[in-house]
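Trainee: Just the structure for this:
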Amino acid sequence: MPYPLDDTDKRLLGILQRNNRLSSDELGDQIGISRSSVQRRMKRFREEGIIEADISVLSAKAVGRPMTFIVEVELERERTDLLDEFRRSMLALDDVQQCYYVTGHTDFILIVTSTDMAAYEEFSRQVFTDNPNIRRFHSNVVVNRVKAGLQVPL
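Mentor: Have a look, this model is predicted:
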């Protein structure tokens, strides 16, 4: 159930999604509220799970992982224990940036980064080909990232 957000909350969250390094004073000045009001709202956002994490977004290319793959995975069987096992295995893999359990012709969609094609081939062999519960997987190589982000429209 969505949390009730007033216009000030939405403005504050919008700014934080673009830059969470601003001080409470700077945020308050931009929105027209006091530093203490900013701090109370941010504390509430974190306690209620509206703000899930404060992170730094890295350039995959700059840290030596220039290749991105969008991978569709179809499982052989969709028993709850096997679904949970697959989810756990994806959580443990650093190469997997995102993992979505989806409806449609596939069961999961993954966003995977790699240093090069050879490394991705090895990754896919270990993770997908050698897994008896994966019926098939299909990899798409990202040629050009047009837009990527986690900002939520408010």
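
Trainee: So what's the residue count around residue 107?
Mentor: When neighbours are defined as other C-beta atoms under 10 Å, residue 107 has 19 of them. All C-beta atoms are positioned from the backbone trio N, CA, C, and that covers glycine.

Trainee: swap in residue 31?
Mentor: Counted with other C-beta under 10 Å, residue 31 comes out at 18.

Trainee: Three-state assignment for the spatially closest residue to it that is not a sequence neighbour, please.
Mentor: Counting by C-beta to C-beta, 6 or more residues apart in numbering, residue 31 lies nearest to residue 11, which is 5.2 Å off, once chain neighbours are set aside. Three-state call for residue 11 (DSSP: H, G, I helix; E, B strand; the rest coil): helix.

Trainee: count of neighbours near residue 11?
Mentor: Residue 11: 17 surrounding residues under other C-beta under 10 Å.

Trainee: wait, doesn't it sit right on residue 27?
Mentor: No: if you go by C-beta atoms under 8 Å, residue 11 and residue 27 don't touch, sitting 9.4 Å apart.

Trainee: quick one, phi/psi of the residue nearest the centre of the chain?
Mentor: Nearest to the mean C-alpha position of the chain, by C-alpha atoms, centre = their mean, lies residue 98 at 5.0 Å. Here is the backbone geometry of residue 98 (degrees, to the nearest 10): phi -140, psi 150.

Trainee: For it, list each beta-bridge partner.
Mentor: Note on residue 98: beta-bridge partners by DSSP bridges are residue 111.

Trainee: Residue 80: how many residues sit nearby?
Mentor: Using other C-beta under 10 Å, residue 80 has 7 neighbouring residues.

Trainee: ok, so what distance separates it from residue 86?
Mentor: Using C-beta to C-beta, to the nearest Å, residue 80 is found at 11 Å from residue 86.

Trainee: show me the contacts for residue 101.
Mentor: 83, 87, 107, 108 (C-beta atoms under 8 Å, 6 or more residues apart in numbering).
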